[in-house]
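Student: Return atomic coordinates for the entry below.
(2 chains)
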2 protein chains.
Amino acid sequence: MPVELVDSPRVDLQAEAGRVSARIDDFFARLLPSPDDGRGQLYDAMRHAAIGGGKRLRPLLTVAASRLFGIDEERALRVAAAIEAIHVYSLIHDDLPAMDDDDLRRGRPTLHKAYDEATAILAGDSLHALAFEILAHEATDPDPLVRSDLVLELSRAAGPNGMAGGQMMDLLAEGEALDIAAITRLQQLKTGALIEYAVEAACILTSLGREARTPYRGYARNVGLAFQIADDLIDHSGDEAAAGKRIGKDAEAGKATFVSLLGEDRARQQARVLVDQAVDHLADHGEEADLLRAIARFAVERDR
Amino acid sequence: MPVELVDSPRVDLQAEAGRVSARIDDFFARLLPSPDDGRGQLYDAMRHAAIGGGKRLRPLLTVAASRLFGIDEERALRVAAAIEAIHVYSLIHDDLPAMDDDDLRRGRPTLHKAYDEATAILAGDSLHALAFEILAHEATDPDPLVRSDLVLELSRAAGPNGMAGGQMMDLLAEGEALDIAAITRLQQLKTGALIEYAVEAACILTSLGREARTPYRGYARNVGLAFQIADDLIDHSGDEAAAGKRIGKDAEAGKATFVSLLGEDRARQQARVLVDQAVDHLADHGEEADLLRAIARFAVERDR
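Tutor: Next up, the predicted model:
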């Protein structure tokens, strides 16, 4: 059963995404005024990287999942900003010459191009630390157990069993004959862990126990994988101007991807199956899950 | 009144330092077994950097400060390991070619020399995340408010208003005519913030309010600055083999230091005054503060 690739008529995904994006920009602008000392350049670089770009998929997921539980959007936005800080830090470091060596990100020069490598490394490190400062601050949630759990799960999603571990596997994957299982595992660490956290964070904010979080993590895992397949499709045959970044990188680097292994048609089909499965996890919910449903559909129909 | 530069007869600093060092090594060895996938190299690199080197000043400070309040040493050691993880991550990134470009650290090749730059960046990032995972884990403290506060203050010490900010100022300081006030500020961020946290963490573990932490933070601030002056003295006229790292770097880079501004004798005198002041902050304590007193004295009498 193919999922219908249109937005739910009950939510305006583009408007919601734009609103969340603007709120995240505003949060970082207020949080990161440049101090009048040698750190000015560091703060400028942090703002350059964190403000005004990207799809803001992860913050949008956190806001959308928070809607399931009637969580105050202010609280959701603080957590969403922490997640975006981690995402942005990982992009900065992944773009470095020693890593993926990218010059273009979100249609603008990457941070080490706009500044220099040292500033980029430190801006990434600073956003990494800042994410945990945001979560541990009492303004995020009055319950210290919630704050502590938010930190615990984010540190796991970011560390060697999450994003950093996935990036290591990805760097070593050049010229390796990875199969679908290996690529799935790699992507679950590299990009899936933080996407899953973006949804799980809403569960933590509403003090849901580990077991009760299962369907929501399942939704996120499916969306994350569908999102990655769509990324591979864009890298395979997308438009560089629309994507705002260099494409064709994986083929150039001799990396196996979902598309190189499955072919374009089967990859596209697989992404749609994953979106169906994601939406199935929300079956117990009504209108309050419409934004999550719309995000799942967007994951595979986008061109950037 | 010059401080007497001998260890307190009531504590054996060397034995205590060796014991804490071995416990930290053991903690990391248990925490970081290499997984049987592409992340093996990442874990190997993390162990290479985190195990078997350094003075372990920060963990020793946390254990010593915990002794003031009768805190269980197992708990102190977990927090100490988190602090050392942050310290090691910062050394890995500071040693990178784009930063201080060092080949030698703790008498061994720096991580990007032993592996490569990408692995070094990711190992640093992984240790950064791991520190917060350790602190937020309930094994560290049963009270979530304690865990949350431990995270909050560490994130501040590590971020743009702490170590990362200090390193940015340091990178921009080459050829700048900094005065004593500017160097003091730079060092308080770059190295002082984490040293201060190492002592403050014990206060948090015993649920001391912010105001009651003041004398202990004062002790740490004085020790941190004395330690930095001693570092400058070693860089100025120390022995490379004993130091286990390249010396004479600051003069080469045209950086102002406490020694270049004050001269060797006045710098040494200033360090001793700071140690006196540090010890004064512990005046309300008896034998239980002897280890902290011994560390303060060691800060200025060491040759590495």
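Student: A:His285: what's it in contact with?
Tutor: A:Leu68 (C-beta atoms under 8 Å, 6 or more residues apart in numbering or on different chains). Every C-beta, even on glycine, is put in place using the N, C-alpha and C of the backbone.
Student: Dihedrals phi and psi, it?
Tutor: Dihedral angles of A:His285 (phi, psi; degrees, to the nearest 10) stand at phi -110, psi 150.
Student: Kindly provide the distance from it to chain B.
Tutor: 29 Å (C-beta to the nearest C-beta, to the nearest Å).
Student: A:Leu189 contacts A:Ala158, doesn't it?
Tutor: No - taking contacts as C-beta atoms under 8 Å, A:Leu189 lies outside contact range of A:Ala158: 10.7 Å.
Student: higher neighbour count, these two?
Tutor: Counted by other C-beta atoms under 10 Å in any protein chain shown, A:Leu189 and A:Ala158 do not tie: A:Ala158 has more neighbours, with 30 against 24.
Student: doesn't A:His128 make contact with that one?
Tutor: Yes - in this structure, A:Ala158 is within contact of A:His128 by C-beta under 8 Å, at 7.3 Å.
Student: ranges for the helices of the stretch 151-300 of chain A?
Tutor: Taking DSSP state H, counting those that start in this stretch as the criterion, the stretch 151-300 of chain A carries its helices at A:163-172, A:180-187, A:193-205, A:214-237, A:240-243, A:249-252, A:258-262, A:264-280, A:290-301.
Student: pLDDT on the second one, on average?
Tutor: pLDDT averaged over helix A:180-187 equals 93, rounded to a whole number.
Student: go on, stretch A:210-227?
Tutor: Stretch A:210-227 comes out at a mean pLDDT of 96.
Student: from the chain's centre, how far out does stretch A:295-304 sit?
Tutor: Put simply, stretch A:295-304 sits 13 Å off its chain's centre (C-alpha atoms, centre = their mean, to the nearest Å).
Student: Any buried residues in it, and which?
Tutor: Buried residues in stretch A:295-304, counted by 16 or more other C-beta atoms under 10 Å in any protein chain shown: A:295-300, A:302, A:304.
Student: Show me the two of those that sit farthest apart.
Tutor: Greatest spatial distance among the buried residues of stretch A:295-304 (C-beta to C-beta): A:Ala296 and A:Arg304, at 17.3 Å.
Student: ok, back up a step: what touches both of A:Ala158 and A:His128?
Tutor: Listed as contacting both A:Ala158 and A:His128 by C-beta under 8 Å, 6+ apart are A:86, B:125, B:129.
Student: before we move on, the earlier item: so which of the helices of the stretch 151-300 of chain A gets nearest A:Arg108?
Tutor: Closest to A:Arg108 of these, according to C-beta to C-beta: helix A:240-243, at 12.9 Å.
Student: Next, the buried residues of stretch A:245-265.
Tutor: The neighbour-count check on stretch A:245-265 (16+ other C-beta under 10 Å) flags A:245, A:247, A:250, A:255-260, A:262 as buried.
Student: same question, stretch A:111-119
Tutor: For stretch A:111-119, burial by neighbour count (16+ other C-beta under 10 Å) applies to A:111-113, A:115, A:117-119.
Student: Equivalent analysis for stretch A:135-148, please.
Tutor: Counting neighbours by 16+ other C-beta under 10 Å, one finds that the buried residues in stretch A:135-148 are A:135-137, A:140-141, A:143-148.
Student: Output those residues in a markdown table; the columns should cover secondary structure, distance to chain B and pLDDT.
Tutor: Output for the buried residues of stretch A:135-148, formatted as a markdown table (DSSP: H, G, I helix; E, B strand; the rest coil; distance: C-beta to the nearest C-beta, whole Å; pLDDT from 0 to 100):
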| residue | secondary structure | distance to chain B | pLDDT |
| --- | --- | --- | --- |
| A:Leu135 | helix | 8 | 98 |
| A:Ala136 | helix | 4 | 98 |
| A:His137 | coil | 6 | 98 |
| A:Thr140 | coil | 10 | 97 |
| A:Asp141 | coil | 9 | 97 |
| A:Asp143 | coil | 8 | 98 |
| A:Pro144 | helix | 4 | 98 |
| A:Leu145 | helix | 4 | 98 |
| A:Val146 | helix | 8 | 98 |
| A:Arg147 | helix | 4 | 98 |
| A:Ser148 | helix | 4 | 98 |
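Student: Pick out the most distant pair among those residues.
Tutor: The widest separation within the buried residues of stretch A:135-148 (C-beta to C-beta) is 14.8 Å, between A:His137 and A:Leu145.
Student: Give me the nearest residue to A:Asp101, chain neighbours excluded.
Tutor: Distances taken as C-beta to C-beta, 6 or more residues apart in numbering or on different chains put A:Asp95 closest to A:Asp101, at 7.6 Å, once the chain neighbours are dropped.
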